[in-house]
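Novice: When you get a sec, could you give me coordinates for this:
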Amino acid sequence: MADTQQQVAIVGCGIIGKRHAATIAERPDAIVTALVDPDAAAREAVLAQLTEAGQPEPKQYDDLTAALSGSDISLVAICTPSGMHAEMAEEALKERKHVVVEKPIDVDLGRARRLGAAAARAAGQGVQLSVISQHRFDAGSAVIKEAIDAGRFGQLTSCVATVAWWRSDEYYASAGWRGTWAQDGGGALMNQGVHTADLVLWFMGRPVSIQAQALRAAHHAIEVEDTVVATITFENGAVGTLHATTAAFPGGRTRVSVHGTEGGAEVEDDLLSRLNVDGSTDEASVDVGDPGGHKAQYDDILTAIAAGNQPAITVQDGINALALVRAVYIASTLQRPVKFEDVLEGKYDDVEVSRGIGLPPN
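Specialist: All right, here's what the predicted structure looks like:
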């Protein structure tokens, strides 16, 4: 497929599906040929978006199975509710289609592990899978990662990550899957904060132990948390805090700060806002451009497919981000620290985390 235009099926025609469709519509190396959603009105909305952009009309399907048998498809973009991601991605891989999975990779680690095994088998046949982690492609994030890898911050000592957003009750009521354990897999951290959790992993390396507290501070009609705070220790000896909420007054921001003995940096709302390196108190001047977003990640994915290489964001990256989020929920449920490796390997798969959302008893 190195010299062909990728024919893409958008599976899930909601907000994220529209973003994928718009990103693909701007590319010469990909075209949307199928829209998959049981909601005909949702499909028609994406169809109108594509035709307005001058794209040919894709075929429409109620389900992925019908699309895989009825259309010429080489790449499947999974944009459904989170709890459906792994199962649909695995179905597409079995048909030897390349796959892009929106974040998170799934809400269930067992399903995510099975998808990892399926992706490994598919890679042996030249079929690639990538998980959307678009903020790794933001220019400011890349500058920080390069400085860390080059040792320009000295010894890493800590990080502070926060996602302080507002989501209304109407937002959660707008779709039946929002705010549910079965399909959303969690609340502020799983849905809104998973990208920030992924950046923490990218910058700081492998976690060792996690402590956490999750609660419903303002949105009591949902099943999941709207506020969570966690502390993390890392293999490199550093510590970090991870905070996510959808109960912050509108206007809150997303920040990730990294601190070391010889420098540090901060990204705020996806842009580099501070950079000190090599022990200098003067901030480094770097042209970091604009956030990369989905466009930059599709650049990577489609280039990798064309070259027969593995994309930058692998299925294991997606599994690790999910394991960190699950570790936070498990630690809140058990009210004690948990080991990241134990979560990753399945030791806590049977823990019912829904009972861990709330303040501990007095």
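Novice: When you work out contacts or count neighbours from here on, use the C-alpha atoms and nothing else.
Specialist: Will do.
Novice: what about the nearest residue to Leu156 once chain neighbours are set aside, neighbour count?
Specialist: Leaving aside its chain neighbours, Leu156 sits nearest to Gly260 (4.1 Å; criterion: Cα to Cα, 6 or more residues apart in numbering). For Gly260, the neighbour count with other Cα atoms under 10 Å is 21.
Novice: show me what contacts Gly260?
Specialist: Neighbouring residues of Gly260 by Cα atoms under 8 Å, 6 or more residues apart in numbering: 153-158.
Novice: buried stuff in the helix or strand where Ala147 lies?
Specialist: For Ala147, the host element (DSSP states H and E) is helix 139-149. The neighbour-count check on helix 139-149 (16 or more other Cα atoms under 10 Å) flags 139-145, 147-148 as buried.
Novice: Columns pLDDT on top of the residues you listed, output as TSV?
Specialist: Shown next, in TSV, are the buried residues of helix 139-149 (pLDDT from 0 to 100):
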residue	pLDDT
Ala139	93
Gly140	94
Ser141	95
Ala142	94
Val143	95
Ile144	97
Lys145	97
Ala147	97
Ile148	98
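Novice: With respect to Gln316, which of those is nearest?
Specialist: Distance to Gln316, by Cα to Cα, is smallest for Lys145 among these, at 18.6 Å.
Novice: and the gap between the closest one and Ala307?
Specialist: Per Cα to Cα, to the nearest Å, Lys145 is found 25 Å from Ala307.
Novice: thinking again about what came up before, would you mind checking which of the contacts of Gly260 is nearest to Asp226?
Specialist: Ser158 (24.8 Å).
Novice: Next, that closest one: secondary structure please.
Specialist: Here Ser158 is recorded as strand under DSSP: H, G, I helix; E, B strand; the rest coil.
Novice: Same check on Val228?
Specialist: strand.
Novice: related to what we said a few turns ago, which of the contacts of Gly260 tops the neighbour count?
Specialist: Result: Phe153 is most packed of the contacts of Gly260 (other Cα under 10 Å), 25 neighbours.
Novice: Strands along the stretch 251-362 of the chain, start to end?
Specialist: Listed in chain order, the strands of the stretch 251-362 of the chain (DSSP state E, counting those that start in this stretch) span 254-260, 264-268, 271-276, 338-339.
Novice: ok, Val338 touching Pro207?
Specialist: No. Assessed by Cα atoms under 8 Å, Val338 is found out of contact with Pro207, at 10.5 Å.
Novice: CSV for the buried residues of helix 139-149, including distance to Ile73?
Specialist: What follows is the buried residues of helix 139-149, written out as CSV (distance: Cα to Cα, whole Å):
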residue, distance to Ile73
Ala139, 32
Gly140, 34
Ser141, 33
Ala142, 32
Val143, 36
Ile144, 37
Lys145, 35
Ala147, 40
Ile148, 40
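Novice: so who does the closest residue to Gly358 other than its chain neighbours touch?
Specialist: Using Cα to Cα, 6+ apart and skipping the chain neighbours, the partner closest in space to Gly358 is Leu215 (4.1 Å). By Cα under 8 Å, 6+ apart, the contact set of Leu215 is 225-228, 356-359.
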